[in-house]
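Colleague: curious how this folds, go ahead:
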Amino acid sequence: MVGKTTTPTRTHTELERFPEFPPRDDMNNPIYLYRPSYIYALELHMGNPETTIVLGEVPVGWTPRQSVGVRRPDLLIADNVNRAVIIEQWGYAIEQQGKPPDFVLEVASATTGGTDYTAKRRDYEAYGIPEYWRFDPSGGEYHDAALAGDRLVDGAYQSIEIEWLDENRCRGYSEFLGLYVCWEYGELRWYDPRTQSYLRTHADDVERAEMERQRADRAEERADRAEAELERLRNRLGEEGGSE
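Modeller: Down below sits the predicted model:
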């Protein structure tokens, strides 16, 4: 991790809140982050819920007053932080947390794609954010690439190697998360090399629940058939005994 968490001396009621930002003009975050339930999946992967934050569209900057220098990444992940202060301020004040976020990711859109790999990249580098990732569902129409990542080395970003598995799938490894960030057929996915499996989406959970329901239904049907067969045998034995 980059640094050690510091505890603000002011009470929560005295903390400055970050300024409100206008709502997004696209559906990228609901489609690629919220609907698949990746926020929750990444929280489970990170563990330490009391000192970890995994949120989308949280303002980040040095102080709430410096609104000009505030950025609002699509996904922000930080470990060893004061969650209560971040939620109270609805923003990540770097000097109050004693460290920058550990990981940010931007999802490309037609209106912000160019900024993501130019001005935002410079700002996240200046903030000292160790890893900055960019995901473009279009395959590179709005970003400089379908998938790109940068890692902070001696105060400057260096590109993270992106491995193409085939023409429709590529990935890069996040050292902070211990996961591969994946671009697959225009979808954002997260692969855990330790478990050799993807982080589960909401659709995966629904499918698993349906499979469990079907297994339970089949087991109940088998039990009903066995009970019916047992009853048939009882009746047959009763008839044979009565005829003696």
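Colleague: can you map out the strands along the protein?
Modeller: Using DSSP state E, the strands of the chain run over 52-55, 60-61, 75-79, 92-93, 103-107, 131-135, 147-153, 156-159, 162-166, 169-174, 179-184, 187-192, 197-198.
Colleague: ok and the third one relative to strand 131-135, angle-wise?
Modeller: The directions of strand 75-79 and strand 131-135 differ by 160 degrees, with axes from the mean of the first three to the mean of the last three C-alpha atoms, to 10 degrees as the criterion.
Colleague: list the buried residues in strand 75-79.
Modeller: 75, 76, 77, 78, 79 (16 or more other C-beta atoms under 10 Å). For glycine as for every other residue, the C-beta is placed from the backbone atoms N, C-alpha and C.
Colleague: chain center to it: distance?
Modeller: In this view, strand 75-79 has its centroid 9 Å away from the chain centroid, taken as C-alpha atoms, centre = their mean, to the nearest Å.
Colleague: may I have it as CSV, with CA atoms only?
Modeller: C-alpha atoms of strand 75-79 as CSV (Å, rounded to 0.1, in the frame of the first residue of the first chain):
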residue,chain,number,x,y,z
LEU,A,75,-14.7,2.9,-9.9
LEU,A,76,-12.5,3.7,-6.9
ILE,A,77,-11.0,1.1,-4.6
ALA,A,78,-8.9,1.8,-1.5
ASP,A,79,-7.6,-0.3,1.4
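Colleague: give me the contact list for it.
Modeller: 1, 33, 38-39, 42, 46, 48, 51-56, 58, 60, 92, 97, 99-107, 176-177 (C-beta atoms under 8 Å, 6 or more residues apart in numbering).
Colleague: please apply the same query to the longest one.
Modeller: Contacting residues not belonging to strand 147-153 are listed as 117, 121, 124-125, 128-136, 157-160, 162, 170-172, 174-175, 181-183 [C-beta under 8 Å, 6+ apart].
Colleague: what pairs with that strand, parallel or antiparallel?
Modeller: Strand 147-153 has its sheet partners listed here by DSSP bridges as strand 131-135 (antiparallel), strand 156-159 (antiparallel).
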